[in-house]
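Trainee: Just a sequence and a predicted model for now, questions to come.
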Amino acid sequence: MDVRNIIWRFRRKIFFFGCISFVFFLFYMETCTDSNSSQKPGLMPLKTMAINRRISNLRFNKSIELGWDELMDRQKSRSRLTEGGGVVSSSLDSEDSNEKLNRKGSKKRNRKRTTDFMRRLPQAIIIGVKKCGTRALLEYLRLHPKVVAPGPEIHFFDRSYNKGLEWYRKQMPKSLPEQVTVEKSPSYFITPGVPQRIKNMSSSVKLLLAVRDPVQRAISDHAQSLSNGKIRTLEERVMKETNKREVDPESYIVKIGMYARHYRQWLVHFPKSQILLVSGEELVTDPAKVMADVQKFLNLEEVINEDYFFFNETKGFPCLKRDPNEAVPKCLDGSKGRPHPNVDPVVLETLRRYYKPLNEEFYKLVGTDFHWS
Ligand SMILES: Nc1ncnc2c1ncn2[C@@H]1O[C@H](COP(=O)(O)OS(=O)(=O)O)[C@@H](OP(=O)(O)O)[C@H]1O
């Protein structure tokens with residue numbers, strides 16, 4: 001046997017052992033990514049946490065830069081076609097619908113790991129009010145590592161209920177058991193039947209309700225319509241056709257601001273302690289204080305504080321830092337904090353007078369004076 005022969009054989013052995021080691025390496029990696037793997041505690045959580053963080057970072061940037069609400073706004077006319085679609089296909093009448101749906105899913109795939117990093121029904125919902133800072137509230141909340149939320153509004157309980165709870169669950173991002181899934185759809189607050197439907201999903205779900213001076217809310221709503229190309233004036237929208245000096249209580253944007261009336265519908269199904277009121281004005285002037293209350297309400301560790309906000313003087317609103325050391329804070333997109341149109345002072349005064357007693361009634365009901373004009 002000459003020297004060349006020996007080297008050749010030696011090379012073949014190295015190649016052979018190399019292949020075997022590679023196969024073992026692949027096998028090892030596979031077991032590490034299996035959450036059932038009891039030999040490697042900690043590996044899966046770290047991995048899924050990292051993935052989750054990346055996904056939520058992506059979603060954060062996407063929702064802030066693309067402006068989900070703006071996109072949804074444009075699609076509204078299309079989705080309204082499905083509104084009131086009628087038949088209620090699935091409503092699991094229990095507190096732990098999540099558990100039931102999980103079990104269903106687990107059976108299907110027969111894998112326990114689906115119960116770890118998976119889509120869950122929301123444990124908290126921002127139910128409204130439209131134009132009161134619901135997007136800001138959701139984005140502030142998403143800064144918290146234990147909060148996950150879908151970017152767009154899902155409108156399950158008011159427009160897509162016929163699709164069933166399993167469909168709703170699938171709209172949620174994946175989360176770990178210790179994380180809280182939050183959804184926001186502002187029209188839930190004013191839609192009859194929604195409180196009962198939410199209670200059917202979970203009687204322990206936590207509800208967040210952002211409210212704002214109803215006159216400012218109406219103007220904000222009107223500013224949105226103008227930016228969508230509608231041309232009627234605010235006066236035409238809120239005053240009676242027959243008497244221009246009187247507010248039309250049937251006007252859509254006037255009705256949304258009758259907070260006490262809508263709130264009562266929720267009290268039929270949920271105790272006050274399960275509905276946290278958030279001041280839309282404070283979301284702008286003191287976001288850290290609002291977030292302290294919100295985190296407490298959701299039993300979350302207080303992570304989001306003043307270090308996560310930066311007041312942008314040009315925009316006139318707080319912008320958000322994904323982490324306190326971030327150099328460039330991100331502001332909500334242009335559909336939030338739009339300049340308001342000039343409103344005829346007479347219309348403004350008439351609206352104020354109209355809402356005054358309704359606001360007083362709301363303050364009494366909730367036990368908080370919001371000092372609206
Ligand atoms: N941080 C921050 N950045 C921008 N805007 C902020 C913020 N915090 C609260 N707001 C107020 O949110 C108002 C829009 O409310 P919503 O997000 O509930 O609107 S929507 O119903 O989802 O369309 C929006 O109303 P307008 O100013 O009338 O546009 C803002 O006043």
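Mentor: Thanks, I have the structure now.

Trainee: Return the residues of the stretch 101-250 of the chain in contact with the ligand.
Mentor: Proximity of the stretch 101-250 of the chain to the ligand, by CB under 6 Å from any ligand atom, involves residues 130-136, 186, 220, 223. (C-beta placed from N, C-alpha, C; glycine too.)

Trainee: ok, so of the residues you listed, who is nearest residue 163?
Mentor: residue 186 (19.6 Å; CB to CB).

Trainee: Tell me how far the residue lying closest to that closest one once chain neighbours are set aside lies from residue 217.
Mentor: Nearest residue to residue 186 in three dimensions, chain neighbours excluded: residue 130, at 4.0 Å (CB to CB, 6 or more residues apart in numbering). In this view, residue 130 and residue 217 are 8 Å apart by CB to CB, to the nearest Å.

Trainee: re the thing from before, residue contacts, the residue nearest to residue 186?
Mentor: 186-187, 189-190, 217, 221, 256 (CB atoms under 8 Å, 6 or more residues apart in numbering).

Trainee: again, but for residue 283
Mentor: So residue 283 contacts 133, 136-137, 140, 210, 290, 318 (CB under 8 Å, 6+ apart).

Trainee: cool, residue 172 as well?
Mentor: 119-122, 148, 150, 181, 183.

Trainee: a helix runs through it, doesn't it?
Mentor: No - the assignment for residue 172, made by DSSP: H, G, I helix; E, B strand; the rest coil, is coil rather than a helix.

Trainee: ok, it to the ligand distance?
Mentor: 19 Å (CB to the nearest ligand atom, to the nearest Å).

Trainee: Got phi/psi on residue 314?
Mentor: Backbone torsions of residue 314, given as degrees, to the nearest 10, read phi -70, psi -50.

Trainee: Kindly report the same for residue 128.
Mentor: phi 160, psi -170.

Trainee: where's the residue lying closest to it once chain neighbours are set aside relative to residue 134, distance?
Mentor: Of all residues not flanking residue 128 in the chain, residue 189 sits nearest, at 2.8 Å (CB to CB, 6+ apart). Residue 189 sits at a distance of 9 Å from residue 134 (criterion: CB to CB).

Trainee: joint contacts of those two?
Mentor: residue 128.

Trainee: can you tell me which residues contact residue 158?
Mentor: Contact partners of residue 158, counting by CB under 8 Å, 6+ apart, are 83, 185, 187-188, 191, 194.

Trainee: which non-adjacent residue is nearest residue 197?
Mentor: residue 157 (4.7 Å).
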